[in-house]
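Asker: Fold the following for me, if possible:
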Amino acid sequence: MAGLRSGVGKTTVTLGLIRALTDRGLKVAAYKIGPDFLDPSHYQNAGAVYARNLDPILQSSRGMNDLFHGSGPVDARIIEGVMGLFDGPIPGKATGSTADIAGRFGLPVLLVCDTRSCAQSISAEIVGARTLLRDVPIAAVALNFVGSPRHAELLARGVRSMAGIRVAGCLFRDALPAMPSRHLGLVPAAEFHAQDGVYARCGKAISGAFDLNRLLRDAARAAPVEKISARPSHARAIDSVRRSLTVAIAMDEAFSFYYPETLDYFRARCAQMIEFSPLKDRVAPDADLYYFGGGFPEVYAARLSGNQRFREDLRRRIADGAHVYAECGGLMYLSREIETTDGVSHPMAGALPGRCRMHARRQALGYWKARVLRNTEFLRKNLVLIGHEYHWSTYEPGKAARPVYESRKIGARDRQAAGWLAGTVFASYLHLSPHGNSEFFRRLVEWGSARMVKRRR
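Answerer: Numbers count the residues shown, from 1 in each chain. Down below sits the predicted model:
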C-alpha cells in the first residue's frame, strides 16, 4: 500500500482493506514500514491477526524476514508504506522507503492516489512512479478523495488510457472516516476501543468500492518470498535462570509504544510477563525487571501525578534495588517532574534526578546511532546501538547526572549526551528493536536475571 506523498489516505485504506478481508473470514497479517508504533496497533483493532513493523534501519535483513513470516499461515499479507513511495529516512538513499521494501520482498504495489484538484494529470504521476519502480509492478491504483461520479469517470479513463494500469476502486471524499490524531500521530489504539465503528466504516467503504477478488488474485501472482528462517533468528537456548525471570510492562493509555517484537523477545526469555498501569494501579507488581515504554505521559500528566501511592511504591521498590528500563515516555515518567506546555509542573516518579519539559514544537525525529561511553552494570563500553526518536519534550538531567551514550542523528555530524543511569534505573529517548540491537537486549535480560538471583537467595 503506497502513495506518492503523505496524507493520501494510505492508513485508512489499509485499515479498510484489513477489515473488509477479515469480514470475509480471511486471516490477515499487516505490517507498517518504518518505526511507527501507532499504525500496527490499529491494524490489530481492525482485525489483523498479526501486526509488526518492517524497518531495515532498526532491523537486520534476517530480522525483517523473521517478522514477515512470524505470523504463520495467513490468507493475506498487507504492508503499508511510509511517506511517499520513494521517500527513505536517509537523504539520497532508497533504504527504508516503500519502494525498497517492495523490491526486497518482491511484492506488487497498490498505489493510493489523492485526486483532489486534478483529473487526467494524476496519470502522469502514476507513469512516473511505474518508470522509477522498474522491477516492482504497480498492480493497480486506488483513487481517493474523488469529488463526484463525473470526476471518477475522468480519472479512471485517464489512468486506463494514459497509464495503462487498472483502477482497483474509487473512494469519494467522505467515504472513509477521519482518524483522530495528536502531536505524535494517530491516537493510540489503546484509547480507541469504543470506536470500533470507525474500522467497520472503513471496511464497508472498501468492500463497496473495490473488487476484492481481483485484488487477491493480483496479490497471489506476486513473486514468491524466500523463507529465510521459520524461527526468529534471535531465538536461542535459554538457561533455566533466565526462564524464571519476571518482567513487568507498563501498559495503559499513557504507555503503549512498544515494538511487538520486543514483547515477543521477553516472552521467549521469561517465565512471566506482567502488565501494569501507572495510571490505575495502587502498587507495582512484584517483578525482576520493570519496563516503561513510550506513550503520552504528558497528556495524562495530572492523573499520573495524582496516583501518588503508586509513585511512592515504585520509589520504594527502586530503593530496594529493583531494575528499571525506560524508553522516551518512560524516561519522562521516571524523571522528577513533567512541565507541560501550559507551564504547570506535575511531580512524577522521581527515580531520575532531572526533569522533563514539553515544548510547542517537535524536539527530535529520526534515526540515531548511540555509542556507550563507559562500562555499566549491564552495558559495555563502545557498544553501538541504532534506535529511533520522536518526541516534543526535552530532559534536563542536572549537573550531577552522567550520560551513558554519545548519540548522533544518522546523516548528521553533531553529537550529544544521551542515556541516563541512576542506580538501578536506566532511561533514554531511544526506541530500540531486538532485531537490530541483540547484544543490548541480551545484556538487559541478564541484568534483570542478576536482580532475580539476588532477590531469591
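Asker: ok but D36 is inside a helix, no?
Answerer: No - secondary structure of D36 (DSSP: H, G, I helix; E, B strand; the rest coil): coil, not part of a helix.
Asker: So for it, what pLDDT did the model give?
Answerer: According to the prediction, D36 has pLDDT 89.
Asker: In this structure it contacts D55, no?
Answerer: No - contact between D36 and D55 fails when scored by Cβ atoms under 8 Å: they sit 9.1 Å apart. Where C-beta positions appear, they are placed from N, C-alpha and C, glycine not excepted.
Asker: Name the residue in these two with the higher neighbour count.
Answerer: D55 (27 against 20; other Cβ atoms under 10 Å).
Asker: Report the contact partners of the more buried one.
Answerer: 33-35, 64, 96, 433 (Cβ atoms under 8 Å, 6 or more residues apart in numbering).
Asker: what do you get if the cut-off is 7 Å, keeping everything else the same?
Answerer: When contacts are counted by Cβ atoms under 7 Å, 6 or more residues apart in numbering, D55 touches 33-35, 96.
Asker: Please tell me how far M251 sits from A139.
Answerer: 38 Å (Cβ to Cβ, to the nearest Å).
Asker: returning to that earlier point: now, which of the contacts of D55 sits nearest R160?
Answerer: I33 (28.6 Å; Cβ to Cβ).
Asker: how close does S438 get to E80?
Answerer: 26 Å.
Asker: got it, and S97?
Answerer: From S97 over to E80 (counting by Cβ to Cβ), the distance is 13 Å.
Asker: quick one: low-confidence ranges for the stretch 251-400 of the chain?
Answerer: Judged by pLDDT under 70, the stretch 251-400 of the chain has its weakly predicted residues at 400.
Asker: now with 90?
Answerer: 269-271, 377-378, 398-400 (pLDDT under 90).
Asker: which secondary structure element contains G419?
Answerer: strand 415-422 (DSSP states H and E).
Asker: hang on, S161 in a helix?
Answerer: Yes - under three-state DSSP, S161 sits within a helix.
Asker: Give me the neighbour count for it.
Answerer: S161, neighbours per other Cβ under 10 Å, totals 10.
Asker: what about it, distance to D218?
Answerer: Distance from S161 to D218, by Cβ to Cβ: 20 Å.
Asker: again with V187
Answerer: 32 Å.
Asker: what do you get for T115?
Answerer: T115 is 21 Å from D218, by Cβ to Cβ.
Asker: the more surrounded of those two?
Answerer: T115 (24 against 17).
Asker: Does the more buried one touch F145 like I think?
Answerer: Yes - with contact defined as Cβ atoms under 7 Å, T115 counts as touching F145 (5.6 Å).
Asker: okay, S438 and E80: which has more neighbours?
Answerer: E80 (26 against 16).
Asker: check contacts around that one.
Answerer: 1, 10-11, 14, 32-33, 39.
Asker: let's go with 10 Å and repeat that
Answerer: Contacts for E80 (Cβ atoms under 10 Å, 6 or more residues apart in numbering) come out as 1-3, 10-11, 13-15, 17-18, 30-34, 36, 39-40, 43, 54, 98, 112.
Asker: same check, this time on F37
Answerer: F37 touches 53, 184-186, 188-189, 256-260, 293-295, 328, 388, 390, 431, counting by Cβ under 10 Å, 6+ apart.
Asker: Derive a PyMOL selection command for the buried subset of those residues.
Answerer: This is the PyMOL syntax for the buried subset of these, where burial follows 16 or more other Cβ atoms under 10 Å:
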select buried, resi 53+184+186+188+189+256+257+258+259+260+293+294+295+328+388+390+431
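Asker: Now intersect the contacts of F37 with the strands, please.
Answerer: 53, 185-186, 256-257, 294-295, 388, 390 (DSSP state E).
Asker: Let me see the domain layout of the chain.
Answerer: Per automatic domain parsing, the structural domains of the chain span 2-220, 240-456.
Asker: Quick check: end-to-end length of the first one?
Answerer: Distance between the boundary residues of domain 2-220 (Cα to Cα, to the nearest Å) amounts to 18 Å.
Asker: gap between that domain and the chain center?
Answerer: Mean-position distance between domain 2-220 and its chain equals 16 Å (Cα atoms, centre = their mean, to the nearest Å).
Asker: Which parts of the protein are helices?
Answerer: In the chain, helices defined by DSSP state H lie at 10-23, 38-46, 61-69, 98-105, 122-133, 149-158, 196-209, 212-220, 240-243, 260-269, 301-306, 308-319, 329-334, 438-456, listed in chain order.
Asker: And the longest one, what does it pack against?
Answerer: Which is helix 438-456. helix 240-243, strand 246-250, helix 260-269, strand 289-292, strand 323-327, strand 384-391 (3 or more Cβ pairs under 10 Å, 6 or more residues apart in numbering; DSSP states H and E).
Asker: Dump those into JSON lines; add distance to Y199 as well.
Answerer: Listed next are these as JSON lines, based on distance: least, Cβ to Cβ, whole Å:
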{"stretch": "helix 240-243", "distance to Y199": "38"}
{"stretch": "strand 246-250", "distance to Y199": "25"}
{"stretch": "helix 260-269", "distance to Y199": "19"}
{"stretch": "strand 289-292", "distance to Y199": "29"}
{"stretch": "strand 323-327", "distance to Y199": "28"}
{"stretch": "strand 384-391", "distance to Y199": "25"}
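Asker: For A48, which of those is the nearest?
Answerer: helix 260-269 (11.3 Å).
Asker: and the angle for that closest one with helix 38-46?
Answerer: 70 degrees (axes from the mean of the first three to the mean of the last three Cα atoms, to 10 degrees).
Asker: Now the terminal residues of stretch 277-296, how far apart.
Answerer: Per Cα to Cα, stretch 277-296 runs 13 Å from first to last residue.
Asker: Okay, buried residues for that stretch please.
Answerer: Neighbour-count burial for stretch 277-296 [16+ other Cβ under 10 Å]: 278-279, 281, 284, 287-296.
Asker: returning to that earlier point: find residues that contact each of D36 and D55.
Answerer: 82, 388.
Asker: Please tell me how far A301 sits from A417.
Answerer: 25 Å.
Asker: wait, A219
Answerer: From A219 to A417 the distance is 48 Å (Cβ to Cβ).
Asker: Wait, E125 touches G158, no?
Answerer: No - counting by Cβ atoms under 10 Å, E125 stays clear of G158, with 11.0 Å between them.
Asker: what touches both of those two?
Answerer: What both E125 and G158 touch, as defined by Cβ under 10 Å, 6+ apart, is the set C118.
Asker: rewinding a little: quick one: which of the buried residues of stretch 277-296 is nearest R201?
Answerer: Out of the buried residues of stretch 277-296, the member with the shortest distance to R201 (by Cβ to Cβ) is F296, at 25.1 Å.
Asker: How about that closest one: what's its closest non-neighbour residue?
Answerer: Of all residues not flanking F296 in the chain, A254 sits nearest, at 5.8 Å (Cβ to Cβ, 6 or more residues apart in numbering).
Asker: Looks like the one you found contacts D281 (just checking).
Answerer: No - counting by Cβ under 10 Å, A254 stays clear of D281, with 12.0 Å between them.
Asker: Neighbours of L383, how many?
Answerer: 17.
Asker: same check, this time on N382
Answerer: 10.
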